[in-house]
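K.L.:
Next comes the sequence, and after it the predicted model I'd like to discuss.
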Amino acid sequence: MDFELTDAQRMFQETARQFADKEIVPIAEKVDQLGQFPRETIQKLGELGFMGVAVPEAYGGAGADTVSYVVALEEISRACASHGVIMSVNNSLYCGPLVKFGTEEQKRRFLTPVAGGKSAGCFCLSEPGAGSDAANQQTTARREGDSYVLNGTKNFITNGAEADCAIVFATVNRALKHKGICALVVERGTPGFAVARVEKKLGIRGSSCAQIAMDNCRVPAANLLGQEGEGWKIALATLDGGRIGIAAQAVGIARAALEASLSYSKQRVQFGRPVVANQAIQFMLADMAMEIDAARLLTFNAALLKDQGLRHTKESCMAKLYASEVAMRAGIKGVQVFGGYGYMMDYPAQRFMRDAKVTEIYEGTSEVQRLVIAHDLLS
Amino acid sequence: MVDVLVLVNGQADVPSQNTLELLGAARRLADATRGKVKAVVLEGSQSGLGAALCAYGADQVLRAEHPFLKEYQSDAYVATLDQVASQAGAQVILLADDARGKEVAPRLAHRLNGGVVTEVMGIAGDGSAVLFQRQMYGGRTIATFAARRFPIVATLKPRAVEPAIEQAGRSGEEAPVAVVLDAPLLRTRVVEKVTEEVRGVKLENAKVVVSGGRGLKGPEPFKQLEELAQLLKGAVGASRAATDAGWIPASRQVGQTGKSVSPDLYIAVGISGATQHLAGMTGSKTIVAINTDPDAPIFKVAHLGVVGDFKAVLPKFIEKCRELTQD
Amino acid sequence: MNIIVCIKQIIDPEIPTEQFKLDPTTQRQIRGGLSLVISVYDQNALEVALQLREKQGGKITALCLGDSGATGAVKSALGMGVDNGVLVSDPALLALDSFGVAHVLAMAIRKIGVPDLILTGCVSGDTGNKVVGPLIAEELSLPCVTFVTRVEVKDGKAVMRRIVEDGYELVEGPLPAVVSILSDDSNVPRYSKLKDIMVAAKKQVPIWKAADLDLDGAKVGAGAARLELRDVSIPRRESRCEMLDGDTPEGRAEKLALRLRELKLI
């Protein structure tokens, strides 16, 4: 078992780290405090190929493996969790299903521009009434000639305000339950497709979280991904990959909390010595470091299985679940290590804690992850 | 017995500061080893210069004249010094570590089949060895090298060694040196020279230097540094990050590939302290660092430090300095 | 137009002071687990080469002399978009002085085929030496211009911006030539595109040994070094940095001014 990164993976990590340190770290605080979408850096990341890491070269991507994606995403997320989620959604939730289920034509039209960083994508599954109960789709798709007409509301859509393209889930027949769900690609500017509101969030404030309203939105039937009724299968397959991305993001956030805590505790002096000299602080740092390594290994494991074409549902759930809880613990410990300054908005510890929380919720709550793991154990 | 040959820059009647430092180092080495100091002057004859060079320690002044030496041209300089050095038979050849010295020294050493050492900060000689001291690893260490063969061509870091002392009445010999240079020898030529206007104190001579780095995040804040420098009668410098970002001209760069400064007071604003920057300013007597990152390497070499954003620190600092310097 | 860029792999020069350690026997920095990078100005040289290729076409080769791990540096250069890479690596060539290094590189350049332009960084990122470029020029009897930030090529001639003390010179010279590169805002090394990294990772980097080059024993053999490294020491710092305290940055700023006045520095 070789734990060494390959040349390509090492170079991906190096480039991501250099870019993160030079371009993202200096603006991360401002992005968070102003809640601003970091358009310039996202564009640069796109030009370098970070928005379609595992997309085949033929469709504008870097043609890399999932492990390369994971190491790069961890570096970006360490610098800024907002950049991380924007990258993750583009890669895993938008490009992912197109690579797996798109036709040649669909790939050419909808995948290549996003993978190449020219435009952004989003994934519209959640609805006000369909969070964990994602199959409970209320958005309808009515077939009319060679179009589908969409009606409904999508909720909490990451990248929703900036995306040029969306993969939208809708049902052709509610009676069929999950077997009626379809996935369609909708381009921004399609009449009847609008961003209704953008949410104000606790964390990852640089990424937009939008409510999207579809009102008799007419979409060409050629935009249907896969077959009618295949939507649920597509959603589940996509979320498997998405979880690996979120796991990597969470590892990045946890690492940011650890690095900031290490740095701060070395220079904060109380009782005549740096607080890091206290075992209480050392124990916190040791736990953070250990959990981060463990979370990373779980993430690599899921990524490797995916690259080998093997089933990875349980492993990706475990990685996402564990990494997100590690990020949350690390975020909280980070604030504690900073003491009073951890509570102050001028210091970074609070941002890591706030950013970490959402990783336990989106792309399948921790409760849902546990259900899936248990289901896998019991089957 | 170590004879030292010194390349004298400039055409003025009075030796430049660089030349005095070269002569100082040369004289001390020659005295320690009972050798001679020879100075070679290129670029035209200035009769006063020869006598001045002898007063500052040269035993012999060699004048090489040739039309191709009127302006600096590296091939001509290398070929000339090759011929002069061979005739003069010096064991050590000293040049200033300036743009010319850096280009000429290694090539000359290669022609003479000798060694080369650059940015030397100290030279010592006794019966057994000639030692050269220079920084290594970007100012983190001082390395001492011993010559294993001669000649050694060395460039001297400016303001790192004591200059020569004038001894009135000290005289020496002046002699012309014949130099053969063919036109095809000169392969490169300078087609244009762009000199930057320097207002106020020159960076390398300033007693106070206020430098800005990546932390300033743009060219605008350099105006504040300008204000502070003027107030303290100093000059503005910059780190490589700032000059590479195009925020301030390259001639303001302090560092391994920029200027080497040793002011009484060096104030580093928003400079992290990269090793190649430190290499250019650790000679400063008092170093002050202002940076938001308490872990920044600059604090390891600074004498006084303020952790904080320059946007909050500088205006107040300038105001207080103004108040204090007014009474 | 073909270009060879000579690169060197060094230990990251920006590691914190606490991690910098010297080996008492070799007097060199201890590698430990510290990360390795391409020497800073060599990266600028790669960027200059890439920009020239964009304008003039041709091929760029990265040439590196180092230990076996230096393949990483060559791969990184390939990741930036360079066409080919060559590593010269041999236990017998690990402890050369600048003349030895320049000789090996010059012979490797001859073996590749002397190109139109040879670029190096102006200063070595670890030793701080500024001599390898000019020494290679002497080995190959080529014109040399140092401390250049920009290179343009027109009608088979190079026009180079050379930085001097008080400004810059535009120097014109014939090709082939050796040019040592200094950084400025026009040659900031680009980030590697991910798809270029994928291509680079698949490329084979040939490794040449001393026997593959026709080397002069007088320049690379034992005892060839022209200067002997006697001692390397870390200057002792007498005192810790006095950090001015205070609740606000403005308060600390005032204290700083007062302290400097106390020390009679302002």
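P.N.:
Great, that's in hand. Numbering: from 1, shown residues only, chains lettered A, B, ... in the order given.
K.L.:
show me the contacts for residue C:11.
P.N.:
By C-beta atoms under 8 Å, 6 or more residues apart in numbering or on different chains, the contact list for residue C:11 reads C:29, C:31, C:34, C:35, C:36, C:37, C:126. For the C-beta atoms, the positions are set from N, CA and C on the backbone; glycine is no exception.
K.L.:
Apply 6 Å and report the result again.
P.N.:
C:29, C:34 (C-beta atoms under 6 Å, 6 or more residues apart in numbering or on different chains).
K.L.:
domain ranges for chain A?
P.N.:
With domains defined by automatic domain parsing, chain A comprises A:7-119, A:122-229, A:232-378.
K.L.:
Let's have those domains in CSV, adding mean pLDDT, distance to chain C and mean neighbour count.
P.N.:
Converted to CSV, the domains of chain A look like this (pLDDT from 0 to 100; distance: least, C-beta to the nearest C-beta, whole Å; neighbours: other C-beta atoms under 10 Å in any protein chain shown):
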stretch, mean pLDDT, distance to chain C, mean neighbour count
domain A:7-119, 95, 3, 22
domain A:122-229, 96, 20, 19
domain A:232-378, 96, 9, 21
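K.L.:
what sits opposite the closest residue to chain C within the stretch 1-150 of chain B in the beta ladder?
P.N.:
Residue nearest to chain C within the stretch 1-150 of chain B (C-beta to the nearest C-beta): residue B:115, separated by 3.2 Å. With DSSP bridges as the criterion, residue B:115 is bridged to residue B:152.
K.L.:
got a list of what it touches?
P.N.:
Going by C-beta under 6 Å, 6+ apart, residue B:115 touches B:152, C:226, C:227.
K.L.:
distance of it from chain A?
P.N.:
For residue B:115, the distance to chain A equals 37 Å [C-beta to the nearest C-beta, to the nearest Å].
K.L.:
so where do the helices sit in the stretch 201-350 of chain A?
P.N.:
Along the stretch 201-350 of chain A, counting by DSSP state H, counting those that start in this stretch, helices occupy A:231-267, A:279-307, A:313-338, A:349-359.
K.L.:
just chain B next, same as before
P.N.:
Counting by DSSP state H, chain B has helices at residues B:17-33, B:47-55, B:74-88, B:99-111, B:222-231, B:240-244, B:275-281, B:298-301, B:310-326.
K.L.:
The second one vs helix B:17-33, what angle?
P.N.:
With axes from the mean of the first three to the mean of the last three C-alpha atoms, to 10 degrees applied, the angle from helix B:47-55 to helix B:17-33 works out at 40 degrees.
K.L.:
Could you list every helix and strand in contact with helix B:47-55?
P.N.:
Applying 3 or more C-beta pairs under 6 Å, 6 or more residues apart in numbering or on different chains; DSSP states H and E, we find helix B:47-55 packed against no helix or strand.
K.L.:
Ok, the last one next?
P.N.:
Helix B:310-326 is packed against helix B:222-231, helix C:249-262, with contacts defined by 3+ C-beta pairs under 6 Å, 6+ apart.
K.L.:
what is the orientation angle of the shortest one with helix B:310-326?
P.N.:
When you say that, I think you mean helix B:222-231. Using the same axes, to 10 degrees: helix B:222-231 against helix B:310-326 is 20 degrees.
K.L.:
ok, is helix B:222-231 in contact with chain C or not?
P.N.:
No - interface with chain C: helix B:222-231 contributes nothing (C-beta under 6 Å from any C-beta of the partner chain), its closest point being 8.6 Å away.
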